[in-house]
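1. Sequence and predicted structure are below.
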Amino acid sequence: GDSVTQMEGPVTLSEEAFLTINCTYTATGYPSLFWYVQYPGEGLQLLLKATKADDKGSNKGFEATYRKETTSFHLEKGSVQVSDSAVYFCALSAQGGSEKLVFGKGTKLTVNP
Amino acid sequence: DGGITQSPKYLFRKEGQNVTLSCEQNLNHDAMYWYRQDPGQGLRLIYYSQIVNDFQKGDIAEGYSVSREKKESFPLTVTSAQKNPTAFYLCASTRGGEFEQFFGPGTRLTVL
């Protein structure tokens, strides 16, 4: 079945460091791909998305490119801030017409000043 | 403002009691979802509903029940049959035919 694998956390960086959080997926067909962010004690918010191969999603300095050849959707940011500290989830749209999402387990990011 | 509300934010219950978590949305979305979140396990789908008066089991439906009598509302009941009910519960919704899910703020349930 469809699945998402994210890099294990936690990830700890200093402010202004470069961030990469790896995400690879297994799916039939051509899923849409998403990154969600969860701040402490809150629900998830959509960070960015890509709906077809080679699309680049971007928002708030974060970027991710839909790579079909490597089945990947890695999240990157050139210079992280303390306010980026959160848990990041990669997700894909499940096949079968149910409009469900399949989520990775999440990667906790802590940015220190 | 349109959005999803979940209440209460924190809920405490004694073991053996059923408890109902509220989820309301005013986004006019057709589909609604309930997830359970435990540390290190990501989100696991409990139930989802694509239209009023219809719902399907997700991956971990045992010990839970739902209803969808109105488009705006999708309450989740955690029954006494759920062996480990202490968790963070998230409700979400989507427009029909779309995958982007909008999430509520969550309810943290603690069973004592």
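-> Okay, I see it. Numbering: from 1, shown residues only, chains lettered A, B, ... in the order given.
2. would you say A:Ser83 is within a helix?
-> Yes. With DSSP: H, G, I helix; E, B strand; the rest coil as the criterion, A:Ser83 is part of a helix.
3. residue contacts, it?
-> Listed by Cβ atoms under 8 Å, 6 or more residues apart in numbering or on different chains, the contact partners of A:Ser83 are A:Val111. Just so you know, the C-beta spots here come from the backbone N, C-alpha and C atoms, and that holds for glycine as well.
4. center of chain B, which residue is that?
-> Closest to where the C-alpha atoms of chain B average out (Cα atoms, centre = their mean) is B:Trp34, at 3.1 Å.
5. From chain A, how far off is that one?
-> Going from B:Trp34 to chain A by Cβ to the nearest Cβ, to the nearest Å gives 12 Å.
6. How about that residue: what's its closest non-neighbour residue?
-> Leaving aside its sequence neighbours, B:Trp34 sits nearest to B:Ile46 (Cβ to Cβ, 6 or more residues apart in numbering or on different chains; 4.4 Å).
7. my guess is A:Leu33 meets A:Tyr25, correct?
-> Yes. Using Cβ atoms under 8 Å, A:Leu33 is in contact with A:Tyr25, at 7.0 Å.
8. which other helices and strands contact the strand or helix carrying the residue nearest to the centre of chain B?
-> In this structure, B:Trp34 is located in strand B:31-37 according to DSSP states H and E. The criterion is 3 or more Cβ pairs under 8 Å, 6 or more residues apart in numbering or on different chains; DSSP states H and E, and the helices and strands that strand B:31-37 contacts are strand B:19-25, strand B:43-51, strand B:87-94.
9. and the residue lying closest to A:Gln6 once chain neighbours are set aside, how many neighbours?
-> Closest residue to A:Gln6 apart from its sequence neighbours, by Cβ to Cβ, 6+ apart: A:Gly104 at 3.7 Å. Residues lying near A:Gly104 (other Cβ atoms under 10 Å in any protein chain shown) number 25.
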